[in-house]
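A.B. asks: Kindly generate the corresponding structure for this input.
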Amino acid sequence: GVMTGKFKSSKDMVGAMSKAMEGMAYYIVMAFFCALFIYAFNNSNIGALMAIKGAETLKALALPAWVTIIGIIFLSAFVNLFVGSASAKWALLAPIFVPMLMQVGISPELT
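C.D. replies: Predicted coordinates:
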């Protein structure tokens, strides 16, 4: 930029960098609130609570394992409507599903 004459002073360079970052503002705000949610989710241990309560409910229903797995697949498909990334979906669902299904007697390798 300086050699071609596009930037006459440091203010021109800062202005160009600011303009380039304008599009990132929405992403930065979204990433901040996503990180805040993940932090609160991990520190509150709500995932463990949901896993325990879910396992108790599944035990009380006494459903066959294949029906439980089909239900988990449908629930995961529903989450796909809101969470596009597979790794983000795994980070959200694994702390709940894996311990819950282990308590019911379904192998973690299946989840």
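A.B. asks: And the helices in the chain?
C.D. replies: Assigned by DSSP state H, the helices in the chain fall at 10-21, 25-44, 46-61, 65-80, 86-104.
A.B. asks: what's the most buried one of these?
C.D. replies: Ranked by mean neighbour count, the helices of the chain are led by helix 86-104 with a mean of 16 (mean count of other C-beta atoms under 10 Å). C-betas here are computed from N, CA, C, even on glycine.
A.B. asks: Scan the helices and strands of this structure for the one with the lowest mean pLDDT.
C.D. replies: Every helix and strand of the chain was ranked by mean pLDDT, DSSP states H and E. The lowest is helix 10-21, at a mean of 83.
A.B. asks: Tabulate the CA atom coordinates of it in CSV.
C.D. replies: The C-alpha atoms that make up helix 10-21 are tabulated as CSV, following Å, rounded to 0.1, in the frame of the first residue of the first chain:
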residue,chain,number,x,y,z
SER,A,10,-0.9,5.9,9.1
LYS,A,11,-4.5,7.1,9.3
ASP,A,12,-5.2,5.7,5.8
MET,A,13,-3.8,2.3,6.9
VAL,A,14,-5.9,2.3,10.1
GLY,A,15,-9.0,3.3,8.2
ALA,A,16,-8.5,0.4,5.7
MET,A,17,-8.0,-2.1,8.6
SER,A,18,-11.2,-0.7,10.3
LYS,A,19,-13.2,-1.1,7.1
ALA,A,20,-11.9,-4.7,6.7
MET,A,21,-13.0,-5.6,10.3
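A.B. asks: Any chance of CSV for the helices of the chain, columns distance to residue 4?
C.D. replies: Listed next are those as CSV, based on distance: least, C-beta to C-beta, whole Å:
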stretch, distance to residue 4
helix 10-21, 12
helix 25-44, 28
helix 46-61, 54
helix 65-80, 47
helix 86-104, 41
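A.B. asks: Report the central residue of this structure.
C.D. replies: Nearest to the mean C-alpha position of the chain, by C-alpha atoms, centre = their mean, lies residue 88 at 3.5 Å.
A.B. asks: Low-confidence regions, the chain specifically.
C.D. replies: 1-2 (pLDDT under 70).
A.B. asks: domains for it, by residue range?
C.D. replies: Domains of the chain are assigned by automatic domain parsing as 1-44, 45-111.
A.B. asks: Perfect, I'm done here.
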